[in-house]
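K.L.:
The sequence and its predicted three-dimensional model are supplied below.
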Amino acid sequence: MKKNLGYEIKNLLMIAAAALIYAVGISLFLDPNQLAPGGVTGIAVILNRLTNIETGTLYFLLNVPIVLLGIWKFGVRFIAKTFYAITMVSVFTNLLGNYGALTDDLLIAGAAGGVLIAVGIGLIFKAGATTGGTDILIKILRQKYRHLKTGFLFLVTDIIIVSISGLVFKNLNIVFYALMTVVISGKALDYVLYGGDEAKMMFIMTDEPKKISDRLMKELEVGVTYLHGEGGWTGNEKKVVFTMVPNRLGAEVQDIVKHEDPSAFMVVTSANEIYGEGYKNLFEEVI
């Protein structure tokens, strides 16, 4: 009981901190520079210019019907956390909105704001909630289409909303910087959620599998699996060395293979999501 309570308190504190980070990106970088970052927040920024209602208040009001819809899909417990996150973002956004922009350089504002809102969203997702709005819709899509990354889905919806902002603000420069913001935000969000686990997947067909494998395991401390292959022309059986290494070790693997067997045949490809020891937990909830 105490463990569960401590876990929930930790999540609530994380959500509050993440909401503050998110609000800093909006109120001190994007909103005062008329950069609509997409999503419900972007819509709130646009409506703020049309109605003079505070951005944080609009963000809260726009999310109410979406939250009610989310109750049907995720249940009251999940939406309770999301509603808490929405409230925190709304409050912090209004409070920080009184301080104005930290910079009027659109490049800096777009880049900094994009990273900050991505970090905020990512941490809120990790705490078992969302920031409402398109987050809820995207979480539903992620459950059905697991191969689509969260950052990519945000990118598509954000581009649509940013395009609408161009019609309202009638400023192409603003639109281009806003698009830059959502691209940066999408990339940063993928990194926050999935980490830097992109790696090189390598298949090495060689006459020296033992020497190469020993060096990979001892010098680079990476795992190795033997696959059994057979030459199509010769019919000779061969051991295929299969390994997965972080991007930074790719060149070192190639050097080892060149040294031990210059005639080896090696296939290298990228792996964007890896589950297992040293990488992501296969049983974690999809976010």
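P.N.:
Here it is on my side, so go on. Residues are numbered from 1 along each chain as shown.
K.L.:
What's the separation between the nearest residue to I117 once chain neighbours are set aside and E54?
P.N.:
Nearest residue to I117, sequence neighbours excluded (Cβ to Cβ, 6 or more residues apart in numbering): G25, at 4.2 Å. Heads up, the C-betas are built off the backbone N, CA and C, glycines and all. According to Cβ to Cβ, to the nearest Å, G25 stands 17 Å off from E54.
K.L.:
The two - which one has more neighbours?
P.N.:
Just comparing G25 and E54: by other Cβ atoms under 10 Å the higher neighbour count belongs to G25, 28 against 18.
K.L.:
residues contacting the more buried one?
P.N.:
Applying Cβ atoms under 8 Å, 6 or more residues apart in numbering, we find G25 in contact with 37, 112-117, 120.
K.L.:
So which of these sit within helices?
P.N.:
Counted as lying in helices by DSSP state H, out of the contacts of G25, are 112-117, 120.
K.L.:
Of those residues, just the buried ones, PyMOL syntax please.
P.N.:
This is how PyMOL selects the buried members of these, with burial counted by 16 or more other Cβ atoms under 10 Å:
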select buried, resi 112+113+114+115+116+117+120
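K.L.:
which of the ones in helices among the contacts of G25 lies closest to M88?
P.N.:
Each of the ones in helices among the contacts of G25 was scored against M88 by Cβ to Cβ, and G120 proved nearest at 10.1 Å.
K.L.:
ok, the closest one - contacts?
P.N.:
Neighbours of G120 in contact, by Cβ under 8 Å, 6+ apart: 18-23, 25, 89, 131.
K.L.:
In those residues, find the pair that's most separated.
P.N.:
Pairwise over the contacts of G120, using Cβ to Cβ, the maximum falls at L20 and T131, 12.3 Å.
K.L.:
Looking at the two, which one has more neighbours?
P.N.:
T131 (26 against 19).
K.L.:
Does that one belong to a helix, a strand or coil?
P.N.:
coil (DSSP: H, G, I helix; E, B strand; the rest coil).
K.L.:
OK, contacts around it?
P.N.:
Counting by Cβ under 8 Å, 6+ apart, T131 touches 19, 22, 39, 41, 82, 85-86, 89, 120-121, 124.
K.L.:
next one: L116
P.N.:
Going by Cβ under 8 Å, 6+ apart, L116 touches 21-22, 24-25, 29.
K.L.:
Among the residues you listed, which ones are in helices?
P.N.:
Judged by DSSP H, helices contain the following of the contacts of L116: 21-22, 24-25.
K.L.:
can you put the residues you listed in a markdown table and add distance to R142 and pLDDT?
P.N.:
What follows is these, written out as a markdown table (distance: Cβ to Cβ, whole Å; pLDDT from 0 to 100):
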| residue | distance to R142 | pLDDT |
| --- | --- | --- |
| I21 | 22 | 97 |
| Y22 | 19 | 96 |
| V24 | 26 | 97 |
| G25 | 22 | 96 |
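K.L.:
Need the residues you listed in TSV (columns: distance to I138).
P.N.:
Below are the ones in helices among the contacts of L116 laid out as TSV (distance: Cβ to Cβ, whole Å):
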residue	distance to I138
I21	19
Y22	16
V24	22
G25	18
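K.L.:
so which of the residues you listed comes closest to V168?
P.N.:
Nearest to V168, judged by Cβ to Cβ, of these is G25 at 20.5 Å.
K.L.:
Does K239 fall in a helix, a strand, or a coil region?
P.N.:
Following three-state DSSP, K239 is assigned to strand.
K.L.:
quick one: the strands in this protein?
P.N.:
199-205, 224-230, 237-246, 265-271 (DSSP state E).
K.L.:
Buried deepest among the ones you listed, which one?
P.N.:
Mean neighbour count (mean count of other Cβ atoms under 10 Å) peaks for strand 199-205 among the strands of the chain, with a mean of 20.
K.L.:
Dump that one to PDB, keeping only the CA atoms.
P.N.:
Output of strand 199-205 as PDB, limited to C-alpha atoms (Å, rounded to 0.1, in the frame of the first residue of the first chain):
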ATOM      1  CA  ALA A 199      21.600   0.700 -33.100                       C
ATOM      2  CA  LYS A 200      23.400  -1.100 -35.900                       C
ATOM      3  CA  MET A 201      22.100  -4.700 -36.700                       C
ATOM      4  CA  MET A 202      24.900  -6.700 -38.300                       C
ATOM      5  CA  PHE A 203      25.000 -10.100 -40.100                       C
ATOM      6  CA  ILE A 204      28.600 -11.200 -40.700                       C
ATOM      7  CA  MET A 205      29.200 -14.200 -43.000                       C
END
